[in-house]
Every structure is written in C-alpha cells, then in structure tokens.
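In: give me the fold of what follows.
(one chain, ligands or ions: 1)
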Amino acid sequence: MAISQETPTMTSLAQGYRALVIGATGAIGGALSDALSRDPRCSEVIGLGRGAGSLPELSDEAAFGAAIAASGPVSLVLIATGALIIDDRKPEKRLQALSEDSMAAQFRLNTILPALAIKHSLALLPRQDRCVIAALSARVGSIEDNRLGGWTSYRAAKAALNQVIRCAGIELRRTHPQAVIAALHPGTVESPLSAPFRPEGAARPEVQTPEQSAAGLLRVVDGLRPGQSGGFFAYDGSAIPY
Ligand SMILES: NC(=O)c1ccc[n+]([C@@H]2O[C@H](COP(=O)([O-])OP(=O)(O)OC[C@H]3O[C@@H](n4cnc5c(N)ncnc54)[C@H](OP(=O)(O)O)[C@@H]3O)[C@@H](O)[C@H]2O)c1
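Out: Numbering: from 1, shown residues only. Model (predicted):
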C-alpha cells in the first residue's frame, strides 16, 4: 500500500500558528519543516540546526537556550535531532563493546539535548490554548518491545528520552492543561542515520521517504489529545509501549 505524503493541514492548531523545528537540518526535520511551510494555517516555521549555524552546541546551554527563546511564541515544537553513529562509533552489538565515552555521547545527544530543548521551549508555549511538543524517539527505545538486544546505548538513551517525555506530560498537565507532549517513532526512514543499516539493493517496502514519514508524523501530532500527553506513538498513530 502506498504511503500518503500529502501535506496535512494542522486543523487542531489555531489559524496562523507558528512552529519551531529543532534539527531542521536533518532528513526528517527538513521534511517536517517543508511540510509545515506548505500548511496554509501555518504563518511561520522557524528551523534551527547546528549545520545551519542557528543551533549552538549543547555544551553552551545558555546560547542553546537563547537560540530557542529567540523563536518567539509558538504552538508547535518538533525536536528532530539525534544520531545512531556518533564520532564514528557504531551502535554496540555486544556488551563488551560498551564504553563510557560512547554511552555518554549517546545520552548527551539522544536524551539530554531533547530534554533541554523541551526545557527552553516551555516559555514559548501558550498557557491555556492547544500546543504540542513532539520529539523523535525510536521504537528500539521501547523496553517492552526489545526482543533482539544490542544497540544498548542508543536504546537506553531513547528509553530515557521517553521517560523525560512522560515526566513532562505529567508536569505540563498542571501548567498547560491543553498541551500535548509526545515521543514519536518516525518508522524506518531513508536518511544518513539509517543508510549504514539498510541492506543494499534489498526491497524494503517498509522504508519510507522523509516526506512520507513527516506527513504521517504531522497527522499523528494533529490528532493527539491532552489525555494522550506523555505517550509514545508511531508515525501511523499506533501507541508503542514504553
Ligand atoms: N531514519 C530512521 O530510520 C529513524 C528511525 C527511528 C528513529 N529515528 C530518529 O529520528 C531522528 C532524526 O533522524 P534522521 O533520520 O532525520 O537523521 P539525520 O538526517 O541524520 O538528522 C539528524 C539531525 O540531528 C542533528 N544533530 C546530530 N548531531 C547533533 C548534535 N551533536 N547536536 C545538535 N544536533 C545534532 C543534525 O543536525 P546537524 O547536522 O545540523 O548537526 C540533524 O538535524 C533521530 O532522533 C533518530 O534517532 C530515525
């Protein structure tokens, strides 16, 4: 079955809403930004990316936070940063391959960066109106779904991100009753991140283009309700167990 990449209209957000995409330089982040730019209800998309020079390194949290704060009021924040291979270190196949450096790097990028992006985005959101923060996680971060093992640091960093989202969902219920925060699995998507792990020439109908994944993710974001805040969802809307 062909996967639709038709640009969704975010009918759940106010007419003229503004959106912030953190990691807009990535394959999925770029496709999310492009799709939002085509949404007639969206008045502005702010895209931040390290490669674009608009997202300072996390090591300077003040500058990182200031770049997010400079975006101004938004109703939608999408966090699309992340990596599977960091500094040429591939995900571990065995426990013997674990190292302090590579685990710390995974947690820095895949847990701490989105957590601090959420922290600095909160001040941009309306207190009483609908707003959504969604961060790209990965199904392999599901503890219940883990049948194969391996990729310990990446899996653990994404599981920790999911816990951050769960905590944020509970906290936001008190301060922003109409807000939704969610962890999203984009599917297996053609990108520099997945390229080294896709068998060459093999027919993989489940692999999506970034545009297909982005369209699915935006439809999911548009449909999420405050009661689902803190949850973990795939690009097709199905809930994933933590
Ligand atoms: N592709 C898949 O099949 C797949 C599957 C499951 C989950 N995901 C998740 O989806 C997200 C996006 O993946 P993608 O496929 O779009 O990957 P991608 O094309 O490689 O994009 C990665 C993004 O992360 C940013 N980034 C990388 N290292 C960074 C750092 N140290 N500091 C700040 N930003 C950094 C990159 O920005 P710069 O290049 O500007 O630094 C880029 O915007 C990731 O969280 C990934 O885990 C992807």
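In: now for the residue minimising distance to the centre of the chain: which residues touch it?
Out: In the chain, the C-alpha nearest the mean C-alpha coordinate belongs to Leu136, at 2.1 Å (CA atoms, centre = their mean). With contact taken as CB atoms under 8 Å, 6 or more residues apart in numbering, Leu136 is in contact with Gly23, Ile28, Leu78, Ile79, Ala80, Thr81, Gly82, Leu184, His185, Pro186. Heads up, the C-betas are built off the backbone N, CA and C, glycines and all.
In: pLDDT wise, what is it at?
Out: Per-residue confidence (pLDDT) for Leu136: 98.
In: likewise for Thr7?
Out: At Thr7 the predicted local distance difference test score is 77.
In: then it would be within a helix, right?
Out: No: looking at Thr7 with DSSP: H, G, I helix; E, B strand; the rest coil, it is coil, so not inside a helix.
In: report how many residues lie close to it.
Out: 17 (other CB atoms under 10 Å).
In: try Lys158
Out: Lys158 sits with 28 neighbouring residues when counted by other CB under 10 Å.
In: other SSEs contacting the helix or strand harbouring it?
Out: Counting by DSSP states H and E, the element that carries Lys158 is helix 152-175. Counting contacts by 3 or more CB pairs under 8 Å, 6 or more residues apart in numbering; DSSP states H and E, helix 152-175 is packed against helix 100-107, helix 113-121, strand 131-136, strand 179-185, strand 231-234.
In: can we see that at 7 Å?
Out: Other helices and strands packing on helix 152-175, by 3 or more CB pairs under 7 Å, 6 or more residues apart in numbering; DSSP states H and E, are helix 100-107, helix 113-121, strand 179-185.
In: picking up where we left off before, now do the contacts for the residue nearest to the residue nearest to the centre of the chain when sequence neighbours are not counted.
Out: In this structure, Leu136 finds its nearest non-sequential neighbour in Ala80, 5.1 Å apart by CB to CB, 6 or more residues apart in numbering. Contacts for Ala80 (CB atoms under 7 Å, 6 or more residues apart in numbering) come out as Val21, Ile22, Gly23, Gly26, Ile28, Gly29, Leu32, Leu136.
In: switch to 6 Å and redo it
Out: Contact criterion CB atoms under 6 Å, 6 or more residues apart in numbering gives Gly23, Gly26, Ile28, Gly29, Leu136 as the residues in contact with Ala80.
In: the third one: what secondary structure?
Out: By that I understand Ile28. Ile28 ends up helix, using three-state DSSP.
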